[in-house]
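S.K.: Below is the sequence, then the predicted model.
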Amino acid sequence: MKKLLLLLIIPFIANSQVFNIENDYINFSGNYLDNNFSSNTFLNTLTDVSVSYEIILDSMPNGWDFQNCFPVCNPINTYEFGPISFPADSSVYLNGHFYPNDIIGEGLLVMELSAQHGLFSDTVTWRGTATEETNLKEYLNSSNEIKHITNLNGQILNNRSSEKIIIVHYKNGQSKTYFVIK
């Protein structure tokens, strides 16, 4: 009887949640000369919960820094924090800041959030790109060295588009990523 009860309880525990994350993959960008750029999501509690986080992947360009705000901003480059308790039915601010420090590039940061001593966990990923700003129309009119322009998905752009980030492919084989201002 005890084994049967245990077999019934384990699937319930494995499939139950104590929190969820509104957006677990955040793609954002900014200018490499900006002090920082950021984006946020929310952790929503379903019950009273105690949550900790750990940065489990840090793929940032050399010279970049990061900061997480959960629910207040922690010191720059904090890899672990918590536990901190939240009541049921809370919506907790969860933010990622990237500090490019005048370096063009792309960073990836994966945070694992765990609750109830690691029994429940989920991840949130921030992918940030720091680019140069350019006025696309002015740039295209002034350069005859461009082979083609694509968006981040690799689709060739044949006319002005609403893309915020473009990749300019040059005839010499090089390419450069730009943040477009309108």
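M.R.: All right, it came through fine.
S.K.: name the element D102 belongs to?
M.R.: When elements are assigned from DSSP states H and E, D102 belongs to no helix and no strand.
S.K.: tell me which residues of stretch 50-57 are tucked away?
M.R.: V51, S52, Y53, I55 (16 or more other C-beta atoms under 10 Å). Where C-beta positions appear, they are placed from N, C-alpha and C, glycine not excepted.
S.K.: Between those, which sits nearest P87?
M.R.: The closest of the buried residues of stretch 50-57 to P87 turns out to be V51 (C-beta to C-beta; 11.9 Å).
S.K.: Any chance of the backbone angles for that closest one?
M.R.: Phi and psi for V51, reported as degrees, to the nearest 10, are phi -120, psi 140.
S.K.: ok, now which ones touch it?
M.R.: The neighbours of V51, taking C-beta atoms under 8 Å, 6 or more residues apart in numbering as the test, are F19, L43, G82, P83, I84, S85, F86, V92, L113, S114, A115.
S.K.: how much space is there between the first one and V49?
M.R.: When you say that, I think you mean F19. When distances are taken as C-beta to C-beta, to the nearest Å, F19 and V49 turn out to be 6 Å apart.
S.K.: Mutual contacts of these two, please.
M.R.: Common neighbours of F19 and V49, counting by C-beta under 8 Å, 6+ apart, are A115.
S.K.: Can you dump the C-alpha atoms of the longest strand seen in the chain in CSV for me?
M.R.: When every strand of the chain is counted residue by residue (DSSP state E), the longest turns out to be strand 120-134. Once side chains and other backbone atoms are set aside, the C-alpha atoms of strand 120-134 remain, and they are given as CSV (Å, rounded to 0.1, in the frame of the first residue of the first chain):
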residue,chain,number,x,y,z
PHE,A,120,11.4,22.7,-8.8
SER,A,121,13.4,24.6,-11.4
ASP,A,122,13.2,26.5,-14.6
THR,A,123,15.5,28.7,-16.7
VAL,A,124,15.4,32.1,-18.4
THR,A,125,17.8,33.1,-21.2
TRP,A,126,18.9,36.6,-22.2
ARG,A,127,20.5,37.0,-25.6
GLY,A,128,21.8,40.5,-26.1
THR,A,129,23.5,42.1,-29.1
ALA,A,130,25.5,45.4,-28.9
THR,A,131,25.8,47.0,-32.3
GLU,A,132,26.7,50.2,-34.0
GLU,A,133,23.9,52.6,-35.0
THR,A,134,23.4,53.6,-38.6
